[in-house]
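let's see this in three dimensions:
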Amino acid sequence: MIVTLPNQFFPLLKDAAGIAGNIFAFGLFLSPIPTFRRIIRNCATEQFSGLPYIYALLNCLITMWYGTPLISINNTSVLTVNSIGAAFQLVYVTLYIAYAEKEKKVRLFGLIVAVLVIFAIVVVGSLQIADTFLRRIIVGTLSSAALISMFASPLFVINIVIRTKSVEFMPFYLSLSTFLMSTSFFVYGILNMDVFIYVPNGMGTILGIVQLVLYFYYKGSSREESRAPLIVSYS
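The predicted structure is shown next:
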């Protein structure tokens with residue numbers, strides 16, 4: 001009884017971690033709202049880049065596909081959080097295109113088409129693989145690569161924080177949401193024995209800790225008011 005009792009709690013703990021990850025993910029999904037309020041208010045995208053939302057859309061779509069029963073089992077939380085994330089990114093990209101200059105509109109529209117084509121290739125191509133284990137390995141690897149690169153993207157901002165000794169480019173709640181979401185899915189992946197979930201989210205947890213440590217270390221050095229854009233442009 002002593003040996004089997006803890007095992008009975010694993011599914012409950014896994015589901016709890018997945019639900020927590022979904023909740024904390026909303027902090028990430030809602031974080032661009034101040035940026036788009038400014039875009040809508042000024043009727044212009046200014047120096048903001050639409051590329052982060054395009055990339056986030058591709059990441060959510062691939063990871064969502066990995067979470068479907070056709071690829072992996074018992075990954076409902078992965079499916080739901082990335083489905084919601086994809087919907088948010090589609091809204092953000094649509095708003096960006098609506099207020100962007102003509103050249104940017106054409107560029108972003110072309111990138112959306114490219115994302116959908118890539119996603120279609122991944123879906124159709126993976127379904128051609130009869131071996132379900134190999135199919136999961138291939139899609140899981142793509143999903144992990146997308147997640148790792150997404151979690152690694154704050155390294156650019158971390159470099160700015162260290163160089164400027166200011167956290168104006170690294171909002172606290174965004175860093176906190178990243179840490180909490182990554183940690184939740186790290187635990188979820190371990191309990192689900194899914195290496196394609198706990199490895200990238202483990203890295204995300206470490207980067208989240210680094211961001212929070214830097215925030216509290218440099219927050220006293222930040223300027224009270226900033227005229228800088230809310231998001232650094234990568235375009």
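
may I see the buried residues of the helix or strand bottoming out on mean pLDDT in the chain?
Every helix and strand in the chain was compared by mean pLDDT, DSSP states H and E; the lowest is helix 154-164, with a mean of 77. For helix 154-164, the neighbour count (16 or more other CB atoms under 10 Å) marks 154, 157-158, 160-161 as buried. All C-beta spots, glycine's among them, are computed from the backbone N, C-alpha and C.

could you point out which element follows it?
Later in the chain than helix 154-164, the nearest helix or strand by DSSP states H and E is helix 172-191.

chain center to that next one: distance?
Its chain's C-alpha centre lies 11 Å from the corresponding centre of helix 172-191 when counted by CA atoms, centre = their mean, to the nearest Å.

which strands and helices lie in contact with the helix or strand following that helix?
Proceeding N to C from helix 172-191, the next assigned helix or strand is helix 195-218, under DSSP H and E. Counting contacts by 3 or more CB pairs under 8 Å, 6 or more residues apart in numbering; DSSP states H and E, helix 195-218 is packed against helix 132-152, helix 154-164, helix 172-191.

can you do 10 Å?
For helix 195-218, the packing partners by 3 or more CB pairs under 10 Å, 6 or more residues apart in numbering; DSSP states H and E come out as helix 4-30, helix 51-66, helix 76-99, helix 132-152, helix 154-164, helix 172-191.

so which elements touch the longest one?
Okay, so that is helix 4-30. In this structure, helix 4-30 makes packing contacts with helix 51-66, helix 76-99, helix 172-191, helix 195-218, judged by 3+ CB pairs under 10 Å, 6+ apart.
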